[in-house]
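Engineer: Provided below are the primary sequence and the corresponding predicted coordinates.
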Amino acid sequence: AQTACQDEASCQAAAALLPDAPAFRVLATQTKGCFEKGGTVYWSTGGTEEENAKPAPGQQSRVYCEGIEEDGAADEATTTTTAATEAAGGG
């Protein structure tokens, strides 16, 4: 599965890795999370984790943060979440 960006910093990092280094803007729109449209990558604030991961509609395309880690915290966070979920009896 592809990993959706969950914050502005990771979205901007993902934008910087794209082939034509598109512009980056922050806005609030119906499409949440990190997406590209017309050569600009946008971070739309206020989305849930699920909203940030939904495929972007129409002319927009979702930008994914596959393999982008901020100071290696991504792996740590995933492990912690799994342990916490199991401890809570979920999953």
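Structural biologist: Everything's here; your move.

Engineer: Contact partners for Lys32?
Structural biologist: Residues in contact with Lys32, defined by Cβ atoms under 8 Å, 6 or more residues apart in numbering, are 44-48, 51-52, 54. Where you see a C-beta, it was placed from the backbone N, CA and C, and this is true even at glycine.

Engineer: let's see it at 10 Å
Structural biologist: 4, 43-54, 56 (Cβ atoms under 10 Å, 6 or more residues apart in numbering).

Engineer: can I get those residues in TSV with neighbour count and distance to Ala28?
Structural biologist: Listed next are these as TSV, based on neighbours: other Cβ atoms under 10 Å; distance: Cβ to Cβ, whole Å:
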residue	neighbour count	distance to Ala28
Ala4	25	17
Trp43	25	10
Ser44	22	6
Thr45	12	5
Gly46	10	6
Gly47	20	10
Thr48	11	14
Glu49	10	17
Glu50	10	17
Glu51	14	12
Asn52	22	13
Ala53	19	18
Lys54	15	16
Ala56	18	15
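
Engineer: Just flag the most distant two among these.
Structural biologist: Trp43 and Glu50 (16.4 Å; Cβ to Cβ).

Engineer: just checking, which of the contacts of Lys32 belong to helices?
Structural biologist: Judged by DSSP state H, helices contain the following of the contacts of Lys32: 49-53.

Engineer: quick check, nearest of those to Ser10?
Structural biologist: For the ones in helices among the contacts of Lys32, the nearest to Ser10 is Asn52 (10.2 Å; Cβ to Cβ).

Engineer: surely that closest one meets Gln2?
Structural biologist: No. Applying Cβ atoms under 10 Å as the test, Asn52 and Gln2 come out as separate, 11.8 Å apart.

Engineer: so where is the chain shaky, pLDDT-wise?
Structural biologist: The chain contains residues with pLDDT under 70 at 1, 69-91.

Engineer: ranges for the strands of it?
Structural biologist: 23-27, 33-37, 40-44, 61-62 (DSSP state E).
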